[in-house]
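Engineer: Sequence first, predicted coordinates after that:
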Amino acid sequence: MFQEKTSANHLNVVTTSTEDGAFQKKAHSARILSPEEAERLENDRVLVSEFKQLKLEKEAQKNWDLFYKRNSTNFFKDRHWTTREFQELKAFREKNALYSTERCKVFQCDLTKDDLLENIPADSVDVVTLIFVLSAIHPEKMHLVLKNIYKVLKPGKCVLFRDYGLYDHAMLRFKSGSKLGENFYVRQDGTRSYFFTEEFLSQLFKSEGYEQVVNEYVQRETVNRKEDLRVPRVFLQSKFQKPFRLIYPCFLHK
Ligand SMILES: C[S@@+](CC[C@H](N)C(=O)[O-])C[C@H]1O[C@@H](n2cnc3c(N)ncnc32)[C@H](O)[C@@H]1O
């Protein structure tokens with residue numbers, strides 16, 4: 001592992017190789033596009049019609065249900081990286097004597113509409129994971145999800161976030177006619193995906209009262225040796241904390 005420093009002496013890039021030998025870089029700056037990639041994104045300006053956009057929003061749940069029906073559960077591989085990247089998850093499982101799959105409460109909800117307090121007591125949750133979930137939600141409704149989670153999270157505890165980052169390979173692969181808005185696209189099957197910048201996510205969480213603990217791009221290169229293809233993946237990986245309640249000095253000193 002090695003670290004590069006910017007001129008401002010600000011730690012900007014940390015490069016590691018993971019246990020599977022893949023190249024991985026953590027950085028605060030977005031991936032730099034090649035001139036061809038930049039031109040292609042720049043020329044893709046036509047947005048999907050408002051009528052179709054409204055239809056996609058209305059049918060979002062149906063489209064995800066159909067996605068899972070088609071792909072069953074095999075589509076998303078077992079993600080061994082979760083405990084590597086978020087030590088909190090491992091620690092939580094190991095330390096919490098009450099952790100048991102038999103005690104888990106499973107329920108389904110629309111995070112933009114259904115109040116989590118109907119299923120979970122206020123200020124009671126130790127850790128929330130938002131892993132490739134927020135990108136599936138319309139950017140104008142993302143704040144509703146964070147507001148909802150804030151109510152159930154314990155003060156001092158975190159939301160662990162990983163999702164598509166700006167200029168990820170998946171973003172560059174969209175054909176024209178798939179663009180819904182800035183950094184927001186629709187797949188062939190009607191499911192949607194937003195690609196996050198560090199600044200956008202930071203602003204989103206902070207405006208809902210969270211404190212930023214970590215917020216950085218993870219850049220990986222996926223190698224397909226058979227086809228000799230190198231694919232640049234970009235994710236945004238972050239931790240945001242619900243602050244401890246403020247204790248005003250006037251209450252401490254009578
Ligand atoms: C890309 S999948 C990620 C699934 C899983 N977290 C993973 O990493 O394999 C996006 C998920 O977001 C869910 N989702 C989309 N909109 C939602 C909403 N409004 N409320 C709750 N979940 C939603 C979809 O049902 C889907 O399961």
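Structural biologist: Nice, I can see it. In this text the structure is predicted, and so the values were computed from the model without any measurement. Numbers count the residues shown, from 1 in each chain.
Engineer: Neighbours of residue 95, how many?
Structural biologist: 9 (other CB atoms under 10 Å). All C-beta spots, glycine's among them, are computed from the backbone N, C-alpha and C.
Engineer: Same question for residue 155.
Structural biologist: Using other CB under 10 Å, residue 155 is surrounded by 10 other residues.
Engineer: Likewise for residue 106?
Structural biologist: Counted with other CB under 10 Å, the neighbours of residue 106 add up to 6.
Engineer: Give me the secondary structure label for it.
Structural biologist: What DSSP: H, G, I helix; E, B strand; the rest coil gives for residue 106 is coil.
Engineer: Distance of it relative to residue 72?
Structural biologist: Going from residue 106 to residue 72 by CB to CB, to the nearest Å gives 18 Å.
Engineer: Can you show me the helices along the stretch 51-200 of the chain?
Structural biologist: 60-71, 81-85, 87-95, 142-152, 169-172, 198-206 (DSSP state H, counting those that start in this stretch).
Engineer: So which of the ones you listed is nearest the ligand?
Structural biologist: The ligand sits nearest to helix 60-71 of all those, at 3.7 Å, using CB to the nearest ligand atom.
Engineer: residue ranges with poor pLDDT in the stretch 151-254 of the chain?
Structural biologist: Applying pLDDT under 70 to the stretch 151-254 of the chain flags residues 246-254.
Engineer: What parts of it come near the ligand?
Structural biologist: By CB under 6 Å from any ligand atom, no residue of the stretch 151-254 of the chain approaches the ligand.
Engineer: What segments of the stretch 101-250 of the chain are strands?
Structural biologist: Along the stretch 101-250 of the chain, counting by DSSP state E, counting those that start in this stretch, strands occupy 125-131, 153-164, 179-181, 184-186, 192-194, 211-224, 229-241.
Engineer: Give me the buried positions along the longest one.
Structural biologist: Yep, that's strand 211-224 we're talking about. Buried residues in strand 211-224, counted by 16 or more other CB atoms under 10 Å: 215, 216, 217, 218, 219, 220.
Engineer: can I get the helices of the stretch 51-200 of the chain in CSV with distance to residue 228?
Structural biologist: Below are those laid out as CSV (distance: least, CB to CB, whole Å):
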stretch, distance to residue 228
helix 60-71, 27
helix 81-85, 25
helix 87-95, 35
helix 142-152, 38
helix 169-172, 16
helix 198-206, 32
